[in-house]
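**Q** the following block contains a protein sequence and its predicted model.
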Protein chains: 2
Amino acid sequence: TSPKAAGDKKSSKKSKKQESQFLLKTPKGTKDWSDKDMVIRDAIFGSLSSLFKRHGAVTIDTPVFELREILTGKYGEDSKLIYNLEDQGGELTSLRYDLTVPFARFVASNSIASIKRYHIAKVYRRDQPAMTKGRMREFYQCDFDIAGNYDTMVPDSEILSLLCEGLSGLGIKDFKVKLNHRKILDGIFEACGVKEEYVRKISSAVDKLDKSPWEAVKKEMVEEKGQTEEVADKIGEFVKLNGTIREVLALLKSNEILAGNASAQKGIEEMTVLADYIDAFGIADRISFDLSLARGLDYYNGLIYEAVTAASAPPKNANELKEKAQKETKEVEDASEYVGVGSIAAGGRYDNLVGMFSNGKSIPCVGVSFGVERIFSIIKARAAKELEKVSSSHTQVYVMAFGGGEGWNGFLSERMAVTNELWKAGINSEYLFKTKANIRKQFDAAEKSGAQVAVILGKEEYPAGQIRIKLLGQGEDSDEGELVKVEELVDAVKTKLSSLNRDGLDEINRLIRGL
Amino acid sequence: TSPKAAGDKKSSKKSKKQESQFLLKTPKGTKDWSDKDMVIRDAIFGSLSSLFKRHGAVTIDTPVFELREILTGKYGEDSKLIYNLEDQGGELTSLRYDLTVPFARFVASNSIASIKRYHIAKVYRRDQPAMTKGRMREFYQCDFDIAGNYDTMVPDSEILSLLCEGLSGLGIKDFKVKLNHRKILDGIFEACGVKEEYVRKISSAVDKLDKSPWEAVKKEMVEEKGQTEEVADKIGEFVKLNGTIREVLALLKSNEILAGNASAQKGIEEMTVLADYIDAFGIADRISFDLSLARGLDYYNGLIYEAVTAASAPPKNANELKEKAQKETKEVEDASEYVGVGSIAAGGRYDNLVGMFSNGKSIPCVGVSFGVERIFSIIKARAAKELEKVSSSHTQVYVMAFGGGEGWNGFLSERMAVTNELWKAGINSEYLFKTKANIRKQFDAAEKSGAQVAVILGKEEYPAGQIRIKLLGQGEDSDEGELVKVEELVDAVKTKLSSLNRDGLDEINRLIRGL
């Protein structure tokens, strides 16, 4: 993520005329969600909520803005991406940047000793948007965190299991979970000769290895971050290592440089414990112990991880596309063309964050955040075709009146009363908002609504106590439906609907699961 | 709602010391939601979402902030309560004040001709908070709106039906829906001699009749809003009228002052149509046609309504309590003591709002907004006792290991593997995050989790391919459970759970429905 907040300045210089053209848009980096996109996103939320509940979590909701001091000093270089609220004569506040810091504040202010919580909510970052890749300024995070004092790597491994279960449940088949340990990484830096005050900076440099080649990262270490070539080269030997946990552990355990480093040995010990739990959960084939994974945020201090897919990587000619885009427009509004989706879920252990809010009385925490908009963009690309047949409303029944000629009033009040009966029975129903509606228009509206069953009040039939039920979407030559007694309507409709076994939600869930 | 935004100034003058004491709170007028409160609120959302879907609505999501121009000039006097975002070198934006204006912007910018949509989301108002009454600065609205050109009063009556259905479904039994029509109200003002430019001001004065006596409102009209005593008295005769739609219509139709007023006659005609539809939906007993209802917002131009209950009114000694509170503290942080809950749902017809965003090409709209936090405060007060037994997590099964002595390793990996099987089968399950856990601690944790079934891995039984299933919460002298084969565990647990027919959601839903 490359911060370009300063670039916004240009847009405020636009002429009045241009501004009025933009009146009807949403702010930069935000969008409206509607129609099928909304249905898919809701289904993703539903799938993840069920997952989180399955693991025993409760949910919380914190305010969208926090006292500014709460967020200060938690995000390192990225702090400049925080949205501030105007000082309107009250407390200074800012929009939340993630859900982790508000969670730590919540745990500290309520003196909570242990909790499994999930939180699905929007966060805000004044970053360069890449809208079609799901990189926005307002976006949802779906977080699951475990706070509490527990045995080594036990909650951590449950989070990894949940991460794999969550992505599989969303039909994402080709993901890998990259894993590393901050204690090992910091130990490597120390053992290679990096002084303590440079450790986080060198970690930030390593974090760029998923976008930049080693030569560029090495250059940054030597030219900008005060390391000798020799130190950088030693680090280079380590960060190219990856493989299964046991493979990489074998290399690390036999490594002489790390032998005397307490931090690295502690990390190695913890990873050894983790390897067994990974096996117990049956997810070893998803995991890659990757020493180049560093993660940007300052507050991680143990296991860190990141799930990636093929869509995570930027296109091969990203730099070319980026230069082209920058030449063509003075301000890049949307970087979608030349960035990848990035990691689709990530997290780690942060044992000291709660302590920053409670005079050092810390509660160990570990968690994962699903990037739901990024996952959405993958699912949408995969299921574009199948989505055409999904209805965005949940209407089951359309109530119509058939009639005409002398004295025909359109049965509006009657349609209202019948629909009301269906609503009371929990059946999703609609009717046309016209006093007199012709048959064609009612069928068109029914089709648009996605209803599967028509309930028809005939000019002669209804006053005689009878009502017609007809299947919709069966083609023109379908049957005339069946006549039932008015007082048996609700039961008859229920029977008809259950025989169809086809509701919007199941369709969309099959779709997001990739079945 | 009495704007007191300026009062905030005082808090910024607090000493440094005081500020650090407040570090761990949420901003004024906001709160964390967690535990059972969160479960109840989620259940309310669930109930309303189902209601909205039952009526054929789709849902949308708009950004939490809008370009500032979008909100400008929509809220009259209350515009000063809008939260602005800081100008950080980009577009000027503000937090949304309601969901109606963003909806109109959405309809206009997407050139939508007709839509039924619902939107459940937070809105922001820098108002005087009354937290325990559900009057906050950050609060949820649950909105249902119908946009499109339809026959007179047809969508309006569906909204009234949905409003009654929604409140009944939340176990609120004593509500009334006050109804009025802006065309009638404006016609009365005109016919009584109010000049056009004063009509909205006089309407605002009438809007205060639910909190102030007629004498105070009359004084405002005469002393501040340029009316003669005679005009005010004429208005006074009208606004005291209320009753069933047909009762009030009879009075209005025979009224000589209104006879020549086109606006009033148009409104009377529409209300006559509405009366039939109200009967068709069977909600006439809920409705009170009340000529004192005016509603604050400028954009309404037809039917307006507001649902109230006994809790809506402020306490009898409100003024006394208010003065006391103001004497005791310089700044009133929370006005809960002396305000009522207010209206719990409200709305109306606004045919011209979309046109403000689309060069006058308007789409008629009508909608209702449920005040979910206010409804929450009523449900919580009603169900305080029953809430004690509700669990805030959804855990169904707790997986334990029993053993000890020589070579006992606590079966942690085994508990992980078994729990993983349960998760894969969709069963909400947990286990203790300890390598070796004693029996007491596991039972305590199971009880805390709300699990109904224990799955027990015995030191001898499990290696022999058997596993124990036991009901929880049956008291100390309960049975020893039943032994099943490991490979039959999932089916056995499912059978056990379905025999219990007792899950958190049903309990909470029974509770919010007041059953």
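**A** Alright, I've got the coordinates.

**Q** C-alpha from now on. contacts and neighbour counts both.
**A** Fine.

**Q** how far does stretch A:337-348 sit from the chain's center?
**A** Put simply, stretch A:337-348 sits 11 Å off its chain's centre (Cα atoms, centre = their mean, to the nearest Å).

**Q** now that stretch: mean pLDDT?
**A** For stretch A:337-348, mean pLDDT is 86.

**Q** kindly report the same for stretch A:474-492.
**A** Mean predicted confidence for stretch A:474-492 is 84.

**Q** so is that stretch next to chain B?
**A** No: using Cα under 8 Å from any Cα of the partner chain, stretch A:474-492 stays clear of chain B, with a minimum separation of 14.5 Å.

**Q** could you pull out the strands in the stretch 301-450 of chain A for me?
**A** A:303-308, A:345-349, A:365-371, A:397-402, A:429-431 (DSSP state E, counting those that start in this stretch).

**Q** likewise the stretch 101-250 of chain A?
**A** A:115-124, A:138-147, A:176-181, A:242-243.

**Q** can I get these in a markdown table with mean neighbour count and mean pLDDT?
**A** Output for these, formatted as a markdown table (neighbours: other Cα atoms under 10 Å in any protein chain shown; pLDDT from 0 to 100):
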| stretch | mean neighbour count | mean pLDDT |
| --- | --- | --- |
| strand A:115-124 | 21 | 98 |
| strand A:138-147 | 24 | 97 |
| strand A:176-181 | 24 | 98 |
| strand A:242-243 | 18 | 97 |
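
**Q** related to what we said a few turns ago, nearest to residue A:117, out of the strands of the stretch 301-450 of chain A?
**A** Distance to residue A:117, taken as Cα to Cα, is lowest for strand A:365-371 among the strands of the stretch 301-450 of chain A, at 9.5 Å.

**Q** tell me the buried residues in that closest one?
**A** The neighbour-count check on strand A:365-371 (16 or more other Cα atoms under 10 Å in any protein chain shown) flags A:365-371 as buried.

**Q** on that earlier part again, which one of the strands of the stretch 301-450 of chain A lies nearest to residue B:488?
**A** Residue B:488 lies closest to strand A:365-371 among those, at 32.4 Å (Cα to Cα).

**Q** residue in the stretch 1-150 of chain A nearest to chain B?
**A** Per Cα to the nearest Cα, the residue of the stretch 1-150 of chain A with the smallest distance to chain B is residue A:54, at 3.7 Å.

**Q** can you check the pLDDT for that residue?
**A** 97.

**Q** mind listing what the closest residue to it other than its chain neighbours touches?
**A** In this structure, residue A:54 finds its nearest non-sequential neighbour in residue B:428, 3.7 Å apart by Cα to Cα, 6 or more residues apart in numbering or on different chains. Neighbouring residues of residue B:428 by Cα atoms under 8 Å, 6 or more residues apart in numbering or on different chains: A:53-56, B:394-397, B:422.

**Q** can you tell me which of these is nearest residue B:171?
**A** Using Cα to Cα, those come closest to residue B:171 at residue B:394, 23.1 Å.

**Q** please tell me I have it right and that closest one contacts residue B:452.
**A** No: applying Cα atoms under 8 Å, one finds residue B:394 not in contact with residue B:452, separated by 10.1 Å.

**Q** about what we covered before: now that we have the contacts of residue B:428, which one has the most neighbours?
**A** Per-residue neighbour counts (other Cα atoms under 10 Å in any protein chain shown) across the contacts of residue B:428 peak at residue B:397, which has 29 neighbours.

**Q** how close does that residue get to residue B:484?
**A** Distance, residue B:397 to residue B:484, by Cα to Cα, to the nearest Å: 15 Å.

**Q** and the residue of the stretch 201-350 of chain A closest to chain B?
**A** Counting by Cα to the nearest Cα, the stretch 201-350 of chain A gets nearest chain B through residue A:280, at 5.2 Å.

**Q** residues in contact with that residue?
**A** B:413-414, B:416-417.

**Q** what bridges to the closest residue to residue A:439 other than its chain neighbours?
**A** Leaving aside its sequence neighbours, residue A:439 sits nearest to residue A:402 (Cα to Cα, 6+ apart; 6.4 Å). Counting by DSSP bridges, residue A:402 forms beta bridges with residue A:458.

**Q** with adjacent residues omitted, what lies nearest to residue A:131?
**A** In space, residue A:131 is closest to residue A:336, 5.9 Å off (Cα to Cα, 6+ apart).

**Q** that neighbour: neighbour count?
**A** Quick note: residue A:336 (other Cα under 10 Å) scores 18 neighbours.

**Q** ok, it touching residue A:133?
**A** Yes: counting by Cα under 8 Å, residue A:336 does reach residue A:133; the two are 5.7 Å apart.

**Q** bridge partners for residue A:345, pull those for me.
**A** The partner residues for residue A:345, given DSSP bridges, come to residue A:307, residue A:370.

**Q** report the separation between the spatially most central residue of chain A and chain B.
**A** For chain A, the residue nearest the mean C-alpha position is residue A:372 (1.4 Å; Cα atoms, centre = their mean). Applying Cα to the nearest Cα, to the nearest Å, the value for residue A:372 to chain B is 15 Å.

**Q** surely that residue and residue A:143 touch.
**A** No: contact criterion Cα under 8 Å: residue A:372 and residue A:143 do not qualify, at 10.1 Å.

**Q** need phi/psi at residue A:294.
**A** Dihedral pair for residue A:294: phi -120, psi -30, per degrees, to the nearest 10.

**Q** now for the closest residue to it other than its chain neighbours, how many residues are close by?
**A** Nearest residue to residue A:294, sequence neighbours excluded (Cα to Cα, 6+ apart): residue A:207, at 4.8 Å. Residue A:207 has 17 neighbours, counted by other Cα under 10 Å.

**Q** how about residue A:207, what does it touch?
**A** Residue A:207 sits in contact with A:292-296, where contact means Cα under 8 Å, 6+ apart.

**Q** interface residues of the stretch 301-450 of chain A facing chain B?
**A** Neighbours of chain B within the stretch 301-450 of chain A, by Cα under 8 Å from any Cα: A:357, A:392-395, A:413-414, A:416-417, A:420, A:423, A:426-430, A:433-435, A:449.

**Q** please name every helix or strand in contact with the helix or strand where residue A:495 lies.
**A** With secondary structure defined by DSSP states H and E, residue A:495 is part of helix A:489-500. Applying 3 or more Cα pairs under 8 Å, 6 or more residues apart in numbering or on different chains; DSSP states H and E, one finds that helix A:489-500 contacts strand A:453-458.

**Q** give me the contact list for the strand it packs on.
**A** Everything outside strand A:453-458 that qualifies as a contact, by Cα under 8 Å, 6+ apart, is A:396-403, A:411, A:415, A:446, A:466-472, A:493, A:496-497.

**Q** if we go to 6 Å?
**A** A:397-402, A:467-472 (Cα atoms under 6 Å, 6 or more residues apart in numbering or on different chains).

**Q** now that strand and strand A:397-402, what's the angle there?
**A** 20 degrees (axes from the mean of the first three to the mean of the last three Cα atoms, to 10 degrees).

**Q** next structured bit after strand A:453-458?
**A** Assigned by DSSP H and E, the successor of strand A:453-458 is strand A:466-471.

**Q** other SSEs contacting that following strand?
**A** strand A:453-458, strand A:482-485 (3 or more Cα pairs under 6 Å, 6 or more residues apart in numbering or on different chains; DSSP states H and E).

**Q** got JSON lines for those strands, with distance to residue B:511 and mean neighbour count too?
**A** Below are those laid out as JSON lines (distance: least, Cα to Cα, whole Å; neighbours: other Cα atoms under 10 Å in any protein chain shown):
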{"stretch": "strand A:453-458", "distance to residue B:511": "33", "mean neighbour count": "24"}
{"stretch": "strand A:482-485", "distance to residue B:511": "35", "mean neighbour count": "16"}
